[in-house]
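Colleague: need the 3D shape of this:
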Amino acid sequence: MQKEFHYYATYTAAYLAGFSHEESVEIAYSAALVDFCSEDYLAELSAPARAATTQLQLEMVDTKSDWAGRRKITEIWASFHFLPGDLYREVKKGGRRYEEKYRLICDVNSDLLVKTVELARGKGLQAVGLALHILADTWAHRYFAGTPSLVINNTNYSFYERVPGETGYEDRPVVFRHNPSGKDDPEKGIYVNTIYRSSENSVMNLGHGRAGHLPDYSFAVYRYLPAWGDYEEVLKNNPEDFRHAFGQMVYALKCLRTETPFEKDTYDTESVGPLEEEIRRILTHRSVESDLGWKELGEKLSGKTVPDFSVTDYCEEYRKAADGEKEETVLGRFFAAAIRQKNMVTQEICQSGNRILLKRKWGKSKKNRASDTK
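Modeller: Next up is the predicted model:
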């Protein structure tokens with residue numbers, strides 16, 4: 001999802017759930033910060049590297065594809081952006097290594113989502129915002145895995161976007177380009193994606209890189225053949241999925257404000273219902289530029305001005321705090337929440353019997369090792 005959703009839509013959801021304007025801003029800030037809290041950012045603050053919730057493009061270039069590099073990538077992206085949908089999912093094809101990657105495919109309404117939301121309970125507004133980012137991303141990033149894998153995340157030429165036409169909606173082939181400095185052009189159906197790499201563990205095969213930014217655009221409706229899908233198409237309707245995400249966010253926030261346990265597949269309709277038409281208009285607006293629709297809606301509801309997001313906010317507070325007081329700052333609480341979440345997801349993956357985060361020595365020939373990823 002784009003920053004505008006993680007920040008302004010989260011603010012709107014928090015305010016609808018009964019949080020004050022000030023509390024809603026703090027929650028929204030932490031939700032947006034997840035996409036910027038990299039090791040470089042943490043190093044500038046002399047903060048623990050374990051709290052990293054993302055990897056920036058330049059950091060990814062320097063990340064090795066060996067076991068240590070893949071573990072770091074998987075811990076970050078599976079914990080915060082591609083929460084696994086079912087760590088015990090039955091897999092009817094491929095070997096053990098394929099199965100382990102398949103079980104990391106992101107999906108909505110998982111047991112891990114329940115644990116993510118409940119982990120934030122009583123831990124402060126920063127933990128709430130972090131959990132809301134993860135919840136929202138399950139809807140945008142479903143069907144992709146937060147680990148480098150050609151056999152899971154790759155797509156092919158059969159990729160179509162459903163766009164408004166003269167007589168209704170029509171399917172238009174998506175044209176992908178590999179220029180990292182290029183821009184998406186939804187009017188012409190041209191989007192930037194990662195370049196094809198045949199190496200199974202290439203960082204180019206992480207998450208939805210092969211599908212470009214289409215999964216993050218709220219207006220996008222598209223169908224494609226996932227590498228794991230046995231030639232069965234997946235239809236992704238982002239406006240509907242993002243609408244469900246917002247309703248689930250409001251519900252989760254209400255649960256965290258009270259003693260109500262968070263349950264899967266439950267959405268707020270009472271608070272969101274009267275706003276359905278306006279939300280649908282925001283979600284279907286075809287633009288890759290910043291859309292201030294969520295900001296305008298949030299400000300209309302609260303009657304307050306929502307400050308612009310800046311990654312440097314709260315940095316001075318953290319720097320100036322004494323060593324024993326840093327954990328009580330806004331960033332200190334965010335870092336603590338990030339470490340708890342990463343540790344929880346890492347532990348759940350390992351306890352499921354999945355060895356993807358473990359350093360292993362394979363007692364097979366090269367030929368047999370290769371067959372495990374087919």
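Colleague: which element is Asp308 on?
Modeller: Assessed by DSSP states H and E, Asp308 sits outside every helix and strand.
Colleague: can you report how many residues lie near it?
Modeller: Neighbours of Asp308 under the rule other CB atoms under 10 Å: 8. Just so you know, the C-beta spots here come from the backbone N, C-alpha and C atoms, and that holds for glycine as well.
Colleague: contacts for stretch 312-330, please.
Modeller: Residues outside stretch 312-330 that contact it (CB atoms under 8 Å, 6 or more residues apart in numbering): 26, 29-30, 45, 47, 126, 331-333, 336.
Colleague: please name the residues that touch Phe80.
Modeller: Phe80 touches 34, 53-54, 130, 133-134, 137, 338, 341-342, counting by CB under 8 Å, 6+ apart.
Colleague: ok, now with 10 Å
Modeller: 34-35, 37, 52-54, 116, 130, 133-134, 137, 146, 338, 341-342, 345 (CB atoms under 10 Å, 6 or more residues apart in numbering).
Colleague: residue contacts, the closest residue to Val175 other than its chain neighbours?
Modeller: Leaving aside its chain neighbours, Val175 sits nearest to Ile190 (4.8 Å; criterion: CB to CB, 6 or more residues apart in numbering). Residues in contact with Ile190 (CB under 10 Å, 6+ apart) are 174-177, 182-184, 212.
Colleague: flag the least confident of those residues.
Modeller: Within the set of the contacts of Ile190, pLDDT is lowest for Gly182 (86).
Colleague: what about it, which SS state?
Modeller: Here Gly182 is recorded as coil under DSSP: H, G, I helix; E, B strand; the rest coil.
Colleague: tally of neighbours for it?
Modeller: 11.
Colleague: thought it was touching Val192?
Modeller: Yes: counting by CB atoms under 10 Å, Val192 is a contact partner of Gly182 at 4.8 Å.
Colleague: any idea how far apart the tips of stretch 257-271 sit?
Modeller: Distance across stretch 257-271, first residue to last, is 15 Å (CA to CA, to the nearest Å).
Colleague: next, the buried residues of it.
Modeller: Neighbour counts over stretch 257-271 (16 or more other CB atoms under 10 Å) mark 262, 268, 271 as buried.
Colleague: tell me the SS of the last one?
Modeller: What it means is Ser271. coil.
Colleague: thought it was touching Ala14?
Modeller: No: Ser271 is beyond contact range of Ala14, at 11.2 Å (criterion: CB under 10 Å).
Colleague: just the strands in the chain please.
Modeller: Counting by DSSP state E, the chain has strands at residues 159-165, 168-173, 175-177, 190-192, 221-224, 234-237.
Colleague: those strands into CSV, with extra columns for distance to Gln351?
Modeller: Output for the strands of the chain, formatted as CSV (distance: least, CB to CB, whole Å):
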stretch, distance to Gln351
strand 159-165, 36
strand 168-173, 43
strand 175-177, 38
strand 190-192, 38
strand 221-224, 33
strand 234-237, 29
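Colleague: which among these is found nearest to Asp66?
Modeller: Ranking the strands of the chain by their distance to Asp66 (criterion: CB to CB) puts strand 190-192 first, at 27.6 Å.
Colleague: run the chain-centre distance for the closest one.
Modeller: 20 Å (CA atoms, centre = their mean, to the nearest Å).
Colleague: before we move on, back to that, any shared contact partners between Ser271 and Ala14?
Modeller: By CB under 10 Å, 6+ apart, the residues touching both Ser271 and Ala14 are 250, 253-254.
Colleague: of those, which is the most crowded?
Modeller: Leu253 (29 neighbours).
Colleague: close enough to count as contact, that one and Val272?
Modeller: No: contact criterion CB under 10 Å: Leu253 and Val272 do not qualify, at 11.6 Å.
Colleague: can you pull up the most central residue in the protein?
Modeller: His81 (2.8 Å; CA atoms, centre = their mean).
Colleague: count the residues that sit near the nearest residue to that residue once chain neighbours are set aside.
Modeller: Once flanking residues are discounted, His81 sits nearest to Asp137: 5.0 Å by CB to CB, 6+ apart. For Asp137, the count of nearby residues is 26 (other CB under 10 Å).
Colleague: where does the prediction get shaky in the stretch 1-150 of the chain?
Modeller: Across the stretch 1-150 of the chain, nothing is flagged by pLDDT under 70.
Colleague: now the helices for it?
Modeller: 3-4, 10-16, 21-33, 39-44, 57-62, 67-80, 96-102, 111-119, 125-140, 150-153 (DSSP state H, counting those that start in this stretch).
Colleague: how about TSV for these, with distance to Glu296 added?
Modeller: Formatted as TSV, the helices of the stretch 1-150 of the chain follow (distance: least, CB to CB, whole Å):
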stretch	distance to Glu296
helix 3-4	11
helix 10-16	10
helix 21-33	15
helix 39-44	29
helix 57-62	31
helix 67-80	28
helix 96-102	41
helix 111-119	28
helix 125-140	19
helix 150-153	35
